[in-house]
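>>> predicted coordinates and the sequence they were generated for:
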Amino acid sequence: MKNKDRRWLYIAILSLVVAVTWVGVSAAARLRKSTVPADLEKVLKPLDPTIDTTVFSDLAKHKGGGAP
Amino acid sequence: MANNLSIPWENIKRRYSRYYVYIEPVVSDPLIRGYFSLVASIMLVAFFLIFALSPTINTILVLTKKISEQRSTIKILDQKIADLVTAQANYAQIENSLPILFTAVPTSPTPQTIISGVNSAASASGVPLMGLQFRDLPLSADAVTADQEQVVAPINLPVVNFTLATAESMDKIRDFLTRVENSPRLIHIANLVISTGNGLAGDSVSVSAVGYYLSETL
């Protein structure tokens, strides 16, 4: 069978490959986008609840403006 | 009067048989017979992949991702609620100590606390104050924009710059400078120029210092 006779078969296979690539690329592009809204992302920033209380004890030493 | 327009079957067959004659060599070709169904199936699969399966697959993937992201959002928010409760309890513990903090680092430039601190240090040390000067003094925190604020290490907060001069013995000057640095207002001595005096004049000192304050723009 000559190659010229099978050109439609090659076109069909290449079309299938293009279609599969199309589906893969569009799926990958959709998966990369985040579905979380921007204002919710601000709210989701973690909060450190610890407060450094040694600052207050250090400042209390200065309270009287004491001599060395 | 209606005319009878029925055409005999033989005439129809004769009229349209030429189209069938053109198609028949194509259909009877062994190449077409062997490959047409395969090629048509593949093209049809490609067509439905793009126009039917692709939107469906995208929707499934997006919804699955949305579900997992929302689950993680719930976990993060639950953790944040617990952290807020802890932060509230910690704040209640230090609430009584906040006046000490706001005295040391007020929310506005407040030069009067610097002046009172320096004056009381000078009185306690027995050194005369000469030439207490403030440079670029904003009278309120509202009057200062973010790019005008000068942030100075080591604490990296906005500052009020001031200079002062005094002349006394080195011991008293040392005592005075220590009292200034230990005053309730947070003051950092940035530069010190000492000129050794002779006789009764004593040593003279020129001091450049900064007083820190909190800024709303930070």
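Structure received. Numbers count the residues shown, from 1 in each chain, chains lettered A, B, ... in the order given.
>>> show me what contacts A:W8?
Taking CB atoms under 8 Å, 6 or more residues apart in numbering or on different chains, we find A:W8 in contact with B:35, B:39. Where C-beta positions appear, they are placed from N, C-alpha and C, glycine not excepted.
>>> buried ones in stretch B:101-121, by neighbour count?
Residues B:103-106, B:108-111, B:113-115, B:117-118, B:120-121 are the ones in stretch B:101-121 that count as buried (16 or more other CB atoms under 10 Å in any protein chain shown).
>>> now do the same for B:I189: helix, strand or coil?
Reducing the assignment at B:I189 to three states with DSSP: H, G, I helix; E, B strand; the rest coil gives strand.
>>> identify the bridge partners of the nearest residue to it once chain neighbours are set aside.
Distances taken as CB to CB, 6 or more residues apart in numbering or on different chains place B:A209 nearest to B:I189, at 4.7 Å, with adjacent residues excluded. Beta-bridge partners for B:A209, by DSSP bridges, are B:F162, B:I189.
>>> how confident was the prediction at B:A209?
Residue-level confidence at B:A209 comes out at 89, pLDDT.
>>> burial check on it, number of neighbours?
Neighbours of B:A209 under the rule other CB atoms under 10 Å in any protein chain shown: 21.
>>> what of the one 4 residues further on?
B:Y213 has 26 neighbours, counted by other CB under 10 Å.
>>> and for B:V207?
B:V207 is flanked by 21 other residues according to other CB under 10 Å.
>>> which residues in chain A form helices?
Per DSSP state H, chain A carries helices over the ranges A:7-32, A:38-43, A:54-61.
>>> buried deepest among those, which one?
Ranked by mean neighbour count, the helices of chain A are led by helix A:7-32 with a mean of 14 (mean count of other CB atoms under 10 Å in any protein chain shown).
>>> mean confidence score for it?
Averaging pLDDT along helix A:7-32 gives 92.
>>> before we move on, what about stretch B:166-184?
Mean predicted confidence for stretch B:166-184 is 88.
>>> same check, this time on stretch A:38-48
Across stretch A:38-48, pLDDT averages out at 89.
>>> the closest residue in space to A:F56 that isn't next to it in sequence: neighbour count?
Sequence neighbours aside, B:S97 is the residue nearest to A:F56 in space, at 4.2 Å (criterion: CB to CB, 6+ apart). When neighbours are counted by other CB under 10 Å, B:S97 registers 15.
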